[in-house]
Structure formats: structure tokens, C-alpha cells
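one predicted model, sequence on top.
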Amino acid sequence: MTVVIVGGGWAGCSAAYAAAVAGAETVIIEKTDMLLGTGLVGGIMRNNGRLTAMEEMRELGAGDFLKLIEQSATHLNVDFPGHRHAMLYDVTRIEPSIRMALRTAGVRLKLQKRMSGVTNNNGFITGIDTADGDHIEGAVFIDCTGTAGPAQYCTRYGSGCAMCILRCPTFGPRISLTAKAGISEITAGEGFPQFEAMSGSCKLEKKSISPVLVAKLEQTGVLIIPLPETLRAKARLDRKACQQYSLPEFADNLVFLDTGHAKLMASYFPLEILRTLEGLEDARYADPYSGGMGNSVRFMAMAPCDDSLAVSGSLNLFCAGEKTGLLVGHTEAIVTGFLAGHNAVRMLAGRELLVLPSELACGDIISFMHREMKTSKGMSKKYTFSGSVYFQRMQERGLYTTDMAQIRERVGKTGLAGSFNRRIM
């Protein structure tokens with residue numbers, strides 16, 4: 001009665017933790033040598049509506065997992081353009097603590113295992129094959145393979161392989177569990193506008209930056225350097241997956257956040273131009289290495305799923321993270337990961353699948369995104385608690401709040417408090 005998760009990013013790790021806590025034997029298949037995927041270079045949580053979402057998840061029973069992230073925090077209550085009360089975590093410290101927590105919870109980790117095939121019997125998946133010849137059987141499967149890459153798409157829609165943290169040339173291309181199961185994915189070109197987009201930020205090595213600038217950055221967590229008018233490029237904002245950062249301030253300034261590296265809130269910025277600015281004369285990118293020219297390209301293909309995150313066309317497949325739709329961010333991946341992992345065990349136990357109610361932001365974002373994605377206009381947008389169209393909806397519906405008592409009461413009224421921390425099997 002094993003739950004098999006393919007993909008070890010924030011969604012996969014959250015799904016595995018939730019499934020293990022609920023009592024299932026759980027295994028993660030991850031093609032690289034580290035967990036967390038883009039979480040290894042992200043580092044932003046609790047900005048804007050993500051604070052509300054994280055506190056809802058805490059009340060729903062995910063508190064122990066969230067504490068692991070908070071222990072790696074570099075700064076709390078950080079304000080930067082268009083965003084308030086953010087928490088920044090250290091991307092250089094987070095992975096080992098998550099890895100240890102999963103192992104302590106009983107999750108089996110199979111790193112450097114790239115899925116190559118699926119055994120599928122009339123819509124029921126029984127196992128997956130790996131490139132090194134292993135066959136891994138399971139009762140329920142969760143697709144957390146993400147939507148970034150492979151390198152051919154970074155060439156087609158971007159500027160070529162940006163040599164990012166996903167490291168496709170080393171560990172192989174992204175392979176979708178949903179697609180390998182014979183299920184048609186949601187892709188551009190099916191009457192929808194193009195929705196591929198670049199990752200939203202680059203990382204600079206702190207040692208390559210002026211110590212004066214580093215000191216300012218580490219003191220407050222934020223460093224803003226105004227750009228000369230000739231260097232402002234609003235067009236770069238249009239290519240971002242993270243539309244919550246597509247604000248004029250991010251075109252008029254270089255905005256850095258302290259996440260262990262100096263996180264530059266731009267998809268890319270030409271290195272030779274960057275080095276003309278005071279204090280950045282020796283700047284060097286840490287991720288992606290080609291951050292002067294481009295970044296990883298995301299949202300290549302998504303799984304058709306319902307609001308319980310069960311994938312249509314399969315009897316025992318769920319999805320989480322970006323596979324669920326045009327959903328952007330670590331918090332969003334954690335929310336969907338917990339729901340998918342929890343529901344996988346509910347399926348094993350013969351229980352009705354859980355759909356998070358729209359009275360909670362964590363439930364409303366899933367149902368709203370899925371409704372919007374049925375229209376061409378909706379397919380041209382991205383959905384996140386921290387900005388763009390969904391944060392506006394949160395505010396309009398009164399779902400956004402920083403009042404912990406109000407969030408506790410809201411979750412309590414749903415009858416779901418502590419659900420993700422209960423043993424099912």
C-alpha cells in the first residue's frame with residue numbers, strides 16, 4: 001500500500017510528508033541529487049496572501065512541516081515593492097533539514113532516479129520504471145514532476161539552457177508521469193494563448209558584490225538600486241512566470257533579497273550591463289549561470305485534474321505543484337502537495353477525497369484557477385496568493401488577513417482543523 005511520488009520539489013516533499021503522517025508507506029523518486037527543485041533558489045514565503053495561506057495550512061495540521069522552513073529563515077516581516085511581511089529562508093541551508101525530516105517521518109528517498117516508463121493497466125497505474133533499470137510498484141501515485149524544461153523548450157521559448165538548478169543536461173530531461181501514463185496534458189497550442197514563462201529571479205554570489213552592498217542587504221533583507229533610465233526594460237517583466245513581481249518598480253530598479261545568495265528579482269539581466277553599476281563591477285551569477293541571458297522556462301505541460309487534485313483519465317493518480325495548473329510559488333506547491341498526499345492516503349483507506357472549501361484561501365485558489373483555465377483569458381494568467389489576479393480576488397472576497405485569530409476561527413468553522421496531522425491508516 002505504497003504512495004509513490006515522482007518529483008522531489010516543494011510539492012513532492014509536502015505530498016510525501018502528508019502521506020507519511022497519514023500512515024502510508026511513502027517513497028519519493030527524484031532525478032537529481034537534491035530535493036526541493038526550484039526551492040533551492042527561491043526563498044520567499046509569507047509575502048502578501050501567502051501569509052494567510054501558510055497560517056491556514058498551520059491550522060489544517062501542517063505546522064510541523066512549516067516550522068522546518070521557519071528554522072531556516074534569514075529575515076522576517078520584510079517589505080519590498082508591492083509585497084509586505086515576507087519571510088526569506090536561506091536557500092543554502094534548507095534542503096538538508098527537509099531531507100532529514102522526511103526520513104524521520106519514514107519517507108524513502110530515491111535520489112538520482114529518473115522515471116523512464118509507467119506500467120498502466122486500464123487506467124490503473126501499478127508501477128514506474130527508472131532509467132537505471134529499477135521497477136517501483138505502488139498503489140497510488142502523485143505527479144510532482146513540475147513544468148520546467150527540458151532544455152529543448154528552454155531553447156524554443158527562451159535563450160537556450162540557462163544552466164539552472166534543475167540541471168537537465170546532467171540528470172536528464174523532465175519526464176511527466178501524467179504523460180507517461182498516456183494522459184493528454186494541457187499545453188499551449190490547443191486554442192489557448194502561449195503561457196510558457198521564465199522563472200522570475202536570478203541569484204548572485206554575495207562574494208562578487210561590494211561588501212558595502214552586502215552589508216545593507218543582510219541588515220534589512222532588501223537592497224534596492226535605482227537604474228538609469230536608459231537601462232530600464234519593462235519588456236523583461238512580461239516574460240516572468242511570477243507575475244506578482246511584474247510591477248514597474250522591478251523595471252526601474254534592481255531589487256535584491258537576502259536568501260543566502262543575493263536574489264535579484266529579474267528573470268535575467270545582462271552581465272556586462274550589470275557590471276557597469278557601482279558595487280556590482282565583479283558580479284557573478286550563482287543561478288542560473290546564464291542569468292545574464294535567460295532563465296529556465298516553465299509551464300510547458302500541466303495535468304488535467306479536479307479540485308481534489310485527482311488526475312482525469314487515471315484511477316489512482318494525483319498531482320501537485322505546477323502540474324495542477326498555472327499556479328506559481330513555493331507556498332502554492334506546499335498547499336497542493338499536502339492535499340494530494342493526504343488524498344492519496346484517503347484513497348487507500350477507501351475514504352471520500354477531500355476538497356478544500358472555498359471559505360479558505362487554500363481551497364479557493366484551486367477551484368478558481370481551474371475555472372479560469374477553461375477560458376482563453378484565464379489561460380493567459382498565473383495564479384498566486386502573493387499578487388496578480390488571485391491576490392486581488394483574495395482581498396475582494398475578504399480572504400486576505402494577517403489576523404491569526406480570524407484565520408483560526410475560519411479554519412475551525414470548516415471542521416477541518418488538524419486534518420493534515422491525523423493518521424488515516
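Received it, and whenever you're ready, just let me know what you need.

burial of the residue nearest to residue 43 when sequence neighbours are not counted, as a residue count?
In space, residue 43 comes closest to residue 259 once its chain neighbours are excluded; the distance is 3.0 Å by CB to CB, 6 or more residues apart in numbering. (Each C-beta comes from the backbone N, C-alpha and C, glycine too.) Residues lying near residue 259 (other CB atoms under 10 Å) number 23.

so, low pLDDT: which residues of the stretch 251-400 of the chain?
Applying pLDDT under 70 to the stretch 251-400 of the chain flags no residue at all.

for the stretch 51-200 of the chain, what spans make up the strands?
Per DSSP state E, counting those that start in this stretch, the stretch 51-200 of the chain carries strands over the ranges 73-80, 83-89, 108-111, 115-121, 124-130, 135-137, 140-143, 197-198.

helices or strands next to the shortest one in the packing?
Think strand 197-198. Packed against strand 197-198, as judged by 3 or more CB pairs under 8 Å, 6 or more residues apart in numbering; DSSP states H and E, are the following elements: strand 297-298.

beta partners for the closest residue to residue 136 other than its chain neighbours?
Nearest non-adjacent residue to residue 136, counting by CB to CB, 6+ apart: residue 128, 5.4 Å away. For residue 128, the beta-bridge partners are residue 118, residue 136 (DSSP bridges).

quick one: contacts for residue 128?
With contacts defined as CB atoms under 8 Å, 6 or more residues apart in numbering, the neighbours of residue 128 are 4, 6, 29, 115, 117-119, 135-136, 138, 141, 177, 180.

which of those tops the neighbour count?
Neighbour counts for the contacts of residue 128 were taken using other CB under 10 Å; the highest belongs to residue 6, which has 31 neighbours.

ok, now how distant is it from residue 125?
10 Å (CB to CB, to the nearest Å).

give the residues shared as contacts by those two.
With contacts defined as CB under 8 Å, 6+ apart, the residues shared by residue 6 and residue 125 are residue 141.

what about residue 364, neighbour count?
If you count neighbours by other CB under 10 Å, residue 364 ends up with 18.

what distance do you get for the residue nearest to it when sequence neighbours are not counted to residue 231?
Counting by CB to CB, 6+ apart, the nearest residue to residue 364 once its immediate chain neighbours are dropped is residue 358, at 4.4 Å. Using CB to CB, one gets 44 Å for the distance from residue 358 to residue 231.

if we can go back for a sec, a markdown table for the strands of the stretch 51-200 of the chain, including distance to residue 11 and mean pLDDT?
Below are those laid out as a markdown table (distance: least, CB to CB, whole Å; pLDDT from 0 to 100):
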| stretch | distance to residue 11 | mean pLDDT |
| --- | --- | --- |
| strand 73-80 | 21 | 96 |
| strand 83-89 | 17 | 97 |
| strand 108-111 | 15 | 98 |
| strand 115-121 | 15 | 96 |
| strand 124-130 | 17 | 97 |
| strand 135-137 | 19 | 97 |
| strand 140-143 | 8 | 98 |
| strand 197-198 | 18 | 82 |
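
make JSON lines out of those strands and add distance to residue 98.
JSON lines is the format used below for these (distance: least, CB to CB, whole Å):
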{"stretch": "strand 73-80", "distance to residue 98": "14"}
{"stretch": "strand 83-89", "distance to residue 98": "11"}
{"stretch": "strand 108-111", "distance to residue 98": "10"}
{"stretch": "strand 115-121", "distance to residue 98": "21"}
{"stretch": "strand 124-130", "distance to residue 98": "22"}
{"stretch": "strand 135-137", "distance to residue 98": "21"}
{"stretch": "strand 140-143", "distance to residue 98": "17"}
{"stretch": "strand 197-198", "distance to residue 98": "26"}
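
can you tell me which of these is most buried?
Most buried of the strands of the stretch 51-200 of the chain, by mean neighbour count (mean count of other CB atoms under 10 Å): strand 140-143, with a mean of 31.

which strands and helices sit next to that strand?
With contacts defined as 3+ CB pairs under 8 Å, 6+ apart, the secondary structure elements packing on strand 140-143 are strand 2-6, helix 10-21, helix 177-180, strand 317-319, helix 330-348.

make CSV from the ones you listed and add distance to residue 220 to it.
Converted to CSV, these look like this (distance: least, CB to CB, whole Å):
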stretch, distance to residue 220
strand 2-6, 38
helix 10-21, 26
helix 177-180, 42
strand 317-319, 38
helix 330-348, 22
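
so which of these comes closest to residue 255?
Each of these was scored for nearness to residue 255 using CB to CB, and the closest is helix 330-348 (18.3 Å).

before we move on, the earlier item: between the strands of the stretch 51-200 of the chain, which one is closest to residue 365.
Go through the strands of the stretch 51-200 of the chain one by one with CB to CB and the one that ends up closest to residue 365 is strand 83-89, at 17.3 Å.

just the angle between the closest one and helix 330-348, please?
Regarding strand 83-89 and helix 330-348, their directions subtend 70 degrees when assessed with axes from the mean of the first three to the mean of the last three CA atoms, to 10 degrees.

hmm, who's touching strand 83-89?
For strand 83-89, contacts defined as CB under 8 Å, 6+ apart pick out 43-48, 51, 69-70, 72-80, 221, 244, 257-259, 386-387, 402.
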